[in-house]
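[1] The following block contains a protein sequence and its predicted model.
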Amino acid sequence: MKHVVDEKSASVHPAEELDRKEALLAVLARAAEDDGFLAELAEDPVEACRSYYTLTHEELAALMSGDIVRIESWVGKLPKHLTKWLWCRLSQEKW
C-alpha cells in the first residue's frame, strides 16, 4: 500500500489523493449503475462503502450526507449521472 502521510510534511501524497478521488468516483458510478448498491447505500452507507478503504472519514461523511459541493471540491465537476446517489440522499432527509 502506498504511504498516506509524508513523515516530514504530514501531507497526503498525490498518488494517495488520486486513489481517493478514484474511490469517490467509483462509489458514485456504481450507485448510478447498480440499483442494488444504491439501496445498500441508502440502508447503510458505511457498510456499503467498506470495500472502498481509501476513503477518509471526511469523504465518507460527504457521501453519506449527499454533500455535492464538498465532493466536487475534491474531484471536480461531476457529470449529472454521477450525482444520482447524492440527490437520492438529499431527498431522503436522513440526518
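    Ah, there it is. Numbers count the residues shown, from 1 in each chain.

[2] could you point out which element follows the longest helix along the chain?
    Looking across the chain with DSSP state H, the single longest helix is helix 14-33. Using DSSP states H and E, the helix or strand that follows helix 14-33 in sequence is helix 35-43.

[3] Pull out the buried residues from that following helix.
    Neighbour counts over helix 35-43 (16 or more other C-beta atoms under 10 Å) mark F37, L38, E40, L41 as buried. The C-beta positions use only the backbone N, C-alpha and C, and glycine is treated the same way.

[4] Repeat that for stretch 20-27.
    By neighbour count on 16+ other C-beta under 10 Å, the buried set for stretch 20-27 is R20, K21, A23, L24, L25, V27.

[5] Pick out whichever of the residues you listed sits closest to L82.
    Of all these, L25 has the smallest distance to L82: 7.0 Å, by C-beta to C-beta.

[6] Tell me which residues touch that closest one, please.
    By C-beta atoms under 8 Å, 6 or more residues apart in numbering, the contact set of L25 is V75, L82.

[7] What is the end-to-end distance of stretch 71-80?
    Its first and final residues considered, stretch 71-80 spans 13 Å by C-alpha to C-alpha, to the nearest Å.

[8] For stretch 60-75, which outside residues touch it?
    Contacts of stretch 60-75 (C-beta under 8 Å, 6+ apart): 20-21, 24-25, 27-28, 41, 45-46, 49, 55, 59, 78, 83, 85-90, 95.

[9] which of those are buried?
    Buried by 16+ other C-beta under 10 Å: 20-21, 24-25, 27-28, 41, 45, 49, 55, 59, 83, 85-86, 89, out of those.

[10] Spatially nearest residue to the spatially most central residue of the chain, not counting backbone neighbours?
    Residue closest to the mean C-alpha point of the chain, counted by C-alpha atoms, centre = their mean, is L24 at 3.4 Å. Spatial nearest neighbour of L24, excluding adjacent residues (C-beta to C-beta, 6 or more residues apart in numbering): V75 at 5.5 Å.
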